[in-house]
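>>> Quick one: sequence and predicted model below, then my questions.
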Amino acid sequence: MKKSLIALALVGAFAAPAFAAEEAAPASEHTITGNLGLFSSYRFRGIEQTWGKPAIQGGFDYAHSSGFYLGNWNSNVSEWAGYPGGSIEMDFYGGYKTSFGDYGLDVGGLYYYYPGTDLAGKTVKNGELYVGVSWKFLSLKYSYAVTDYFNATDSKGTSYLDLSANYDLGDGWGVNGHVGHLNFKNYDDGSYTDWKLGVTKDVGGYVFGLSYVDTNADKGFYTLPNGSTGDSKNLAKGTAVLSVSKTF
């Protein structure tokens, strides 16, 4: 018994420094996260992108402890939603984030690219700069197109203002809302306001969501034909969106 007590004491003596050393290990300056989600349809700024079909979306983010970040995000799209010959959206972005207590600041740039598309002899693309501020569960973001907006002629300078709220109700439940306004440069009929109201539930790291998305966009401007069926669709019409996503 005496030998056993001595052995336990020695184990404890050696274990304590090891535990302390582990606690003192510095956190990594680099963080990489990924995300994957399935959506009943894909809405970008309130406008349908998948012709009412489901969308699978995902990407990754790299963040440095200094506040700088880079990322990529991807989704399937429908060629009849303004991307002739294409089926994929690829977004590349980078910027800087910092916080001051409950306040946050985010500045950066984002490039939208649609490989395989051919719209009037050019690949569909869009480049934007943005600045965002946040307070607790509220955020406000302003985006400014530094290229023609998704290839629309003479539309450089198009802007989008986005006010969003994400509130944690506890026990895995959350509510979210959004209202945004697109000012389509030189296309008055293309300018509109969109909004969203939704609820989410976290179940073991999987976030299930249900939201309603709608706009006041001009029906004529955002109604496009389906080249394979001959049908037309108002891409700005309101709809409910179901989703499940996970960050890892």
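Perfect, I can see it now.

>>> So the residue nearest the centre of the chain, which state does it fall into?
Computing the C-alpha centroid of the chain and ranking residues by C-alpha atoms, centre = their mean puts Trp73 first, at 7.7 Å. The three-state label given to Trp73 by DSSP: H, G, I helix; E, B strand; the rest coil is strand.

>>> For it, give its distance to Thr33.
Relative to Thr33, Trp73 is positioned 12 Å away (criterion: C-beta to C-beta, to the nearest Å). C-beta here means a position set from N, CA and C on the backbone, and glycine is covered the same way.

>>> Which strands and helices lie in contact with the particular helix or strand that has Leu224 in it?
With elements delineated by DSSP states H and E, Leu224 resides in strand 223-225, which encompasses its position. In this structure, strand 223-225 makes packing contacts with strand 232-234, judged by 3 or more C-beta pairs under 8 Å, 6 or more residues apart in numbering; DSSP states H and E.

>>> Name every strand pairing with the strand it packs on and say which way it goes.
Strand partners for strand 232-234, identified by DSSP bridges, are recorded as strand 223-225 (antiparallel).

>>> in the strand it pairs with, what counts as buried?
By neighbour count with 16 or more other C-beta atoms under 10 Å, strand 223-225 contains the buried residues Leu224.

>>> What mean pLDDT does that strand get?
Throughout strand 223-225, pLDDT has a mean value of 97.

>>> How far away from the center of its chain is that strand?
Centre-to-centre, strand 223-225 and its host chain are 26 Å apart (C-alpha atoms, centre = their mean, to the nearest Å).

>>> burial of the nearest residue to Phe184 once chain neighbours are set aside, as a residue count?
Excluding the flanking residues, the one nearest Phe184 by C-beta to C-beta, 6 or more residues apart in numbering is Gly190, at 3.5 Å. Residues contacting Gly190 under the criterion other C-beta atoms under 10 Å number 18.

>>> go on, the one 4 residues further on?
Other residues within reach of Asp194 by the criterion other C-beta under 10 Å amount to 23.

>>> Following element in sequence after the host helix or strand of it, please.
Asp194 belongs to strand 192-203 when elements are defined using DSSP H and E. Secondary structure here is assigned by DSSP H and E; on that basis, the next helix or strand after strand 192-203 toward the C-terminus is strand 206-215.

>>> what's the average pLDDT for that next one?
Averaging pLDDT along strand 206-215 yields 98.

>>> ok, residues contacting that strand?
With C-beta atoms under 8 Å, 6 or more residues apart in numbering as the contact definition, strand 206-215 has outside contacts at 43, 46-47, 176, 192-202, 236-246.

>>> now with 6 Å?
Residues external to strand 206-215 that are found in contact with it (C-beta atoms under 6 Å, 6 or more residues apart in numbering): 43, 46, 192, 194, 196-201, 236, 238, 240-246.
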